[in-house]
Structure formats: structure tokens, C-alpha cells
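**Q** Next one to model:
(one chain, ligands or ions: 2)
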Amino acid sequence: MPSQINEQQEPIFATAGLADYHTHTPLCKHAEGWPVELVRRAEELQLAEIGISDHNPMPEKFDDWRMDLEELPLYLEAVAHAREKARIPVRLGLECDFLPGQETWIEDLSKEADWDYLIGSVHYVLPGWDVDNPAKLSEWTRYSVDDVWQIYFETFEKAIRSGLFDFMAHPDLVKKFGRRPEGDLRWFYEGCIAAAAEVGALFELSTAGLRKDCRELYPSRDFLQMACDAGIGIVINSDAHAPLEVGKDYDAAVALAKEVGYDGVWFFEGRERLFKPFLK
Ligand SMILES: [Zn+2]
Ligand SMILES: [Zn+2]
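**A** Ligands and ions are numbered 1, 2, ... in the order given. Here you go, the predicted structure:
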């Protein structure tokens, strides 16, 4: 029997009612799609809200994949402009690289705008080596995979303990190129899980890993299971570097989150967090 025309429609997309807080703009020099375009895609996908979170500027020229400090006003303007026509809330975020010893720079940046949230990321495992950079793959030959993983997670734990961030991005980014130590990887995660439980940090469950050589969500199922068992909340994001990546593969992320025991995700406004249960 055909359903009634005025019958309440089921949500069509896995993204319906959720948020995507990890998205980039052309200011970082390796993404396409300005905030207006990212917002348009988010609306198509029935996302409840979207956040823009480009890579943070540094006090001086640092690498070639982030906005310059002089471009920060342009970034804020682009987000404000997108907000004007948006039908959903557009949150203002920033993805901040955690560099041990340079915490005060993040504190300075936190005062530069009315951020809704700051994301903490570890890309640099050693000075000059951003571990996810395909141009630096030769660095892997200088260290054992175990050592790289250990340094990465030690730095990630420090970033969690800094308390500077509203949530922590792609927790096991170090696996991006599919380079993983042998055996059970859970002991690499223990320090970060304990730290997050202690300080009340949140982890991102990112679909970006599915688009990389590791072909897996960030973090792995084991990591996510440990986080859930420890009572640590999550945020589901795409880390979109193009409009069509907004909300990508949310079905896989929601499915894994539910499988390990999560019943919802966290939303942000003005650096306050709010828990939202999954729709169904
Ligand atoms: Zn990026
Ligand atoms: Zn990112």
C-alpha cells in the first residue's frame, strides 16, 4: 500500500541531525570550497549544523599548508559571510597544531575571535616532520614504525593534557599511510585514553581515514572501544577538504560508534558543549 503523502518522512541521509565540525577552506592552500559552498553541501545533507575549522596560522612562516597570520581576518570574514545566508548554524572553529612548548600561541589565538570550538591536532611528530605529509615519506626510513607510533601518541597525550582544545582530531592519524606496528596496538592508546578520561577531553571520530591508504576510520575500532568504555565522548566529522567531502561516510562512522556503545555525539557553541543523542 502506498504511504500517505503527508506522512512524516524518515531522514534520508546518515548525516541528518548531526554536525560536521572539521572542514577546510582554500586559505590552507590544499583545500577547495569556501565556507558558503561547504554550508550549501551541509544543508543538502540535512546536517543540523556545520563548523569551519581551517588549519591555524603560526606566528611566523612555518610550513606551506595553513593560512598566513595576515589572512586570519579574511577567514573570519568568510565564515561570517557564509552565516548570513545559511539556514543552519555555522560554527567558527580552528584546527590547531599542538607543538610541545608552544602552548602559549594557542592561548593567544583563542583570544583572537569568538570561537565556537578549537580542535587539537598532532601532525608533527618531530620538528619539521608532519607525519601525514606524503612529501615526507622518506622520514619513515629513519625510524622504526614502533618509534614513530610511540612518539606520535606521547605527543597526542600531551596535547590532550594541555586542556587547550574542545576536542582532539583524528586520534590515530599516524596510521594514515597504512604503516602500523605488529600485533595488538592497544597499548599505544592507553596513555591517551587515561589522559582524556582524566581531563574530560572528547575525541573526534573522523571519516577521513577511509579516504586514505589506511582505509579505516580515525581512530580504530580498538581505540574507540577503549574510549567508550572509559566514558569519553565523541564528535563525528569528515575533515572535508572539498564540499563533496562534507558529511562523507557518516553511515560508517555512526555504525561503528553505535557498535562500540555510543548513543550520541557532542555539539559546540561558544566553547560550550552539548550532548545530542542519535536520532534513531
Ligand atoms: Zn588539511
Ligand atoms: Zn583537518
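**Q** Could you use CA atoms for every contact and neighbour count after this?
**A** Noted.
**Q** next structured bit after the lengthiest helix in the chain?
**A** Longest helix of the chain, by residue count under DSSP state H: helix 145-162. Going down the chain from helix 145-162, the next helix or strand is strand 167-168, by DSSP states H and E.
**Q** quick one, what contacts the residue positioned nearest the centre of the chain?
**A** Centroid-nearest residue in the chain: Ala169, 3.8 Å away (criterion: C-alpha atoms, centre = their mean). Ala169 is in contact with Ile119, Gly120, Ser121, Val122, Phe203, Glu204, Leu205, Ser206, counting by C-alpha atoms under 8 Å, 6 or more residues apart in numbering.
**Q** Now stretch 141-159: buried residues?
**A** 145, 148-159 (16 or more other C-alpha atoms under 10 Å).
**Q** Check the secondary structure at Leu74 for me.
**A** Here Leu74 is recorded as helix under DSSP: H, G, I helix; E, B strand; the rest coil.
**Q** for Ala252, that is, sorry about that
**A** Three-state assignment for Ala252 (three-state DSSP): helix.
**Q** Tell me, how many residues neighbour it?
**A** 14 (other C-alpha atoms under 10 Å).
**Q** returning to that earlier point: show residues contacting the longest helix of the chain.
**A** Under C-alpha under 8 Å, 6+ apart, the answer for helix 145-162 is 98, 100, 103, 120-122, 124-125, 140, 168, 171-172, 174, 179-181, 188-189, 191-192, 195-196, 199, 201.
**Q** quick one on the thing from earlier: what would the contacts of Ala169 look like in CSV with pLDDT, neighbour count and secondary structure?
**A** Converted to CSV, those look like this (pLDDT from 0 to 100; neighbours: other C-alpha atoms under 10 Å; DSSP: H, G, I helix; E, B strand; the rest coil):
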residue, pLDDT, neighbour count, secondary structure
Ile119, 98, 25, strand
Gly120, 98, 27, strand
Ser121, 98, 23, strand
Val122, 98, 27, coil
Phe203, 99, 26, strand
Glu204, 98, 26, strand
Leu205, 98, 28, strand
Ser206, 98, 29, strand
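**Q** Dump the residues you listed to JSON lines, plus distance to Ala252.
**A** Listed next are the contacts of Ala169 as JSON lines, based on distance: C-alpha to C-alpha, whole Å:
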{"residue": "Ile119", "distance to Ala252": "22"}
{"residue": "Gly120", "distance to Ala252": "23"}
{"residue": "Ser121", "distance to Ala252": "22"}
{"residue": "Val122", "distance to Ala252": "24"}
{"residue": "Phe203", "distance to Ala252": "17"}
{"residue": "Glu204", "distance to Ala252": "14"}
{"residue": "Leu205", "distance to Ala252": "10"}
{"residue": "Ser206", "distance to Ala252": "10"}
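**Q** any idea how far the residue nearest to the centre of the chain lies from Glu190?
**A** Remark: distance between Ala169 and Glu190 (C-alpha to C-alpha, to the nearest Å) = 17 Å.
**Q** could you pull out the strands for the stretch 1-150 of the chain?
**A** All strands of the stretch 1-150 of the chain, identified by DSSP state E, counting those that start in this stretch, fall at 19-20, 49-52, 90-97, 117-121, 124-126, 129-130.
**Q** C-alpha coordinates for the second one, PDB please?
**A** What follows is strand 49-52 as a C-alpha-only set of coordinates in PDB (Å, rounded to 0.1, in the frame of the first residue of the first chain):
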ATOM      1  CA  GLU A  49      24.900  22.300  11.800                       C
ATOM      2  CA  ILE A  50      28.400  22.800  10.300                       C
ATOM      3  CA  GLY A  51      31.600  24.200  11.600                       C
ATOM      4  CA  ILE A  52      34.500  25.600   9.600                       C
END
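**Q** Sheet-wise, list the partners of it with their directions.
**A** strand 19-20 (parallel), strand 90-97 (parallel) (DSSP bridges).
**Q** Any idea how far the first one is from the middle of the chain?
**A** Yep, that's strand 19-20 we're talking about. 10 Å (C-alpha atoms, centre = their mean, to the nearest Å).
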